[in-house]
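**Student:** whatever this is, show me its structure:
(one chain, ligands or ions: 1)
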Amino acid sequence: MWTLIRYFLFLFPAEFTHGLAKFFIRFTYTLSPVKKTYPFTLSGTENWLGCLNPIGLAAGFDKNAEILEALAHFGFGYAEIGTVTPLPQPGNELPRLFRDAAKKNVFNRMGFNNLGAALVSERVRRKRALLPEGFKVGINLGKNKSTPDDQAASDYAKVAAAFIDCADYFVINVSSPNTPGLRALQTPEALMPIVKAVQQEVEKGGRRTPILVKLAPEIEGMQLQAIIRALESSKIDGLVLTNTLGGDYIYRERTYTGGYSGQILSSISRTRLKEVRGMTALPILSVGGISSVEEAKERFALGAKGIQIYTGWIFEGPFFIRKLAKKLR
Ligand SMILES: Cc1cc2nc3c(=O)[nH]c(=O)nc-3n(C[C@H](O)[C@H](O)[C@H](O)COP(=O)(O)O)c2cc1C
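**Tutor:** So this is what the prediction gives:
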C-alpha cells in the first residue's frame, strides 16, 4: 500500500511532497481518536534524558515545530526542532531538495530556511502542553547566513536564550554544508567560543540543559580526535553523529552543491560512531542512513545512546517508526 502511495507522492517535486506529508501527519493526528505512544528503553539508553524512547526525529524535518505534537504518535520518543537561526531567513532558492528513490538517498541544499527563534520558540512553548509525558524536545542551533563567522558564537547563544525555558537539549550545528563557512567552524579554536557562549546562556537561565555538538561525516582521524578532546575539556554533554555528506548533484545540466542523506550515509555514519566510541565516553546520538530494524539495532549495539531518523522515514513510510519501536521494544 505504501509503495503505491509513495509512487504518487514522488511524482511531485520533493519540497512540495514534504509540505504535503506534514499536512497529512497533522491531519491524521487531529482526526485520530486514540493517541498512542510507544514508550520503551534499551539497556544502555535508560539515562538518555529519560526520553519516552530512544528513537528521535532528526533535525531539518520539522524546522519550525509544525508537527511537533503529532510525532510521539508516529512512534518517536523525542524530536530535534530546527535548525533555528536568530532571525527568520528564506534559505536557498528552489530547487533545493531532490530524492533518488532507487538508491534511497536525498540530496538537499536548503540553507537553514526557518521562521526564526522568536516565532519557533513561541510555538514550542505552546505545543509542549500537548506532548505526552517523557517526549523530549531538542533544539538545533544555527547562525544566520549574513552573520560573519567571527560573530557566530553570539548567534548560537541568542537562539539558546530564546528556547531556554522550553528545550530539553541543545545541539550546536556546525556541520551543515549549506551555509557558507559553517563547516569551517569544526575546529577546536572555532568551536570553543561557541560552546562557551551557549553554556553561559544555559547557566544564566539557571538551567542544566544538556548541550551536544553535531559533526559532519567527513571529520575523521586526527581532526576528529582534536575536536573530541577539546569538547571533553569544555564539559559538553554529547555528540550527534552525523550530518549530511557534502557533495554535488546535477539537475537539468546545472550542478548544485549540498549534502546527501539516506543509504549513501549509512556505512560512514556507522563508522564514525565506532571511531568516536573508541575515543570518548561522551553520549552519542547516531544518525545517518538508518532505514531498517537491523541497522537501528546495530547502532545501539555499537554504543549509541539514541538514534535519529530523517530519510528512512520518507522511504520506508509513515508507519516505519512505529514498526521500529515495536521491534526494538
Ligand atoms: C532536507 C533535509 C534538511 C536537513 N536540515 C537539517 C538542519 O536544518 N539541521 C541539521 O542539523 N541537520 C539537517 N539535516 C540532516 C539530518 O538531520 C541528518 O543528520 C541527515 O539527514 C542524516 O540522517 P538520515 O540519513 O536519516 O536522513 C537535514 C537533512 C535533510 C534531508
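**Student:** which residue sits closest to the residue in the chain that the ligand sits nearest to, ignoring its sequence neighbours?
**Tutor:** Taking C-beta to the nearest ligand atom, the ligand has its nearest neighbour within the chain at Gly60, 2.1 Å off. No exception for glycine: its C-beta is placed from N, CA and C like everyone else's. With sequence-adjacent residues excluded and distances taken as C-beta to C-beta, 6 or more residues apart in numbering, Gly60 is closest to Tyr310, at 6.2 Å.
**Student:** look up how far Ala101 lies from Glu316.
**Tutor:** 12 Å (C-beta to C-beta, to the nearest Å).
**Student:** mind checking which of those two has more residues around it?
**Tutor:** Glu316 (19 against 12; other C-beta atoms under 10 Å).
**Student:** for the nearest residue to the more buried one once chain neighbours are set aside, give me its contacts.
**Tutor:** Once flanking residues are discounted, Glu316 sits nearest to Ser291: 5.6 Å by C-beta to C-beta, 6+ apart. Ser291 makes contacts with Lys104, Gly262, Gln263, Ser266, Ile309, Thr311, Gly312, Phe315, Glu316, Phe320, as judged by C-beta atoms under 8 Å, 6 or more residues apart in numbering.
**Student:** among the residues you listed, which ones are in strands?
**Tutor:** Gly262, Ile309 (DSSP state E).
**Student:** hmm, which two among the contacts of Ser291 are most spread apart?
**Tutor:** Maximum pairwise distance in the contacts of Ser291, criterion C-beta to C-beta, is 15.0 Å, between Ser266 and Phe320.
**Student:** closest to the centroid, which residue in the chain?
**Tutor:** Nearest to the mean C-alpha position of the chain, counting by C-alpha atoms, centre = their mean, stands Ala59 at 2.4 Å.
**Student:** setting aside sequence neighbours, what's the nearest residue to that one?
**Tutor:** Asn140 (3.9 Å).
**Student:** show me what from this structure comes close to the ligand.
**Tutor:** Residues of the chain lying close to the ligand (C-beta under 6 Å from any ligand atom) are 58-60, 63, 82-83, 97, 106, 108, 110, 112, 140, 173, 176, 214, 243-244, 261-262, 265, 287-290, 309-312.
**Student:** let's go with 5 Å and repeat that
**Tutor:** Neighbours of the ligand within the chain, by C-beta under 5 Å from any ligand atom: 58-60, 83, 106, 108, 140, 173, 243-244, 261-262, 265, 287-289, 309-311.
**Student:** C-alpha coordinates for stretch 69-83, PDB please?
**Tutor:** Output in PDB follows, covering the C-alpha atoms of stretch 69-83 (Å, rounded to 0.1, in the frame of the first residue of the first chain):
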ATOM      1  CA  GLU A  69       2.600  17.500  18.800                       C
ATOM      2  CA  ALA A  70       2.000  14.600  16.300                       C
ATOM      3  CA  LEU A  71       5.400  12.900  16.400                       C
ATOM      4  CA  ALA A  72       5.000  10.700  19.500                       C
ATOM      5  CA  HIS A  73       2.000   9.100  17.900                       C
ATOM      6  CA  PHE A  74       4.100   8.100  14.900                       C
ATOM      7  CA  GLY A  75       6.500   6.200  17.200                       C
ATOM      8  CA  PHE A  76       9.100   8.800  18.100                       C
ATOM      9  CA  GLY A  77      10.400   9.300  21.700                       C
ATOM     10  CA  TYR A  78      12.000  12.700  21.100                       C
ATOM     11  CA  ALA A  79      12.400  15.200  18.300                       C
ATOM     12  CA  GLU A  80      15.000  17.800  17.200                       C
ATOM     13  CA  ILE A  81      13.400  21.000  16.000                       C
ATOM     14  CA  GLY A  82      15.400  23.300  13.700                       C
ATOM     15  CA  THR A  83      17.900  24.300  12.700                       C
END
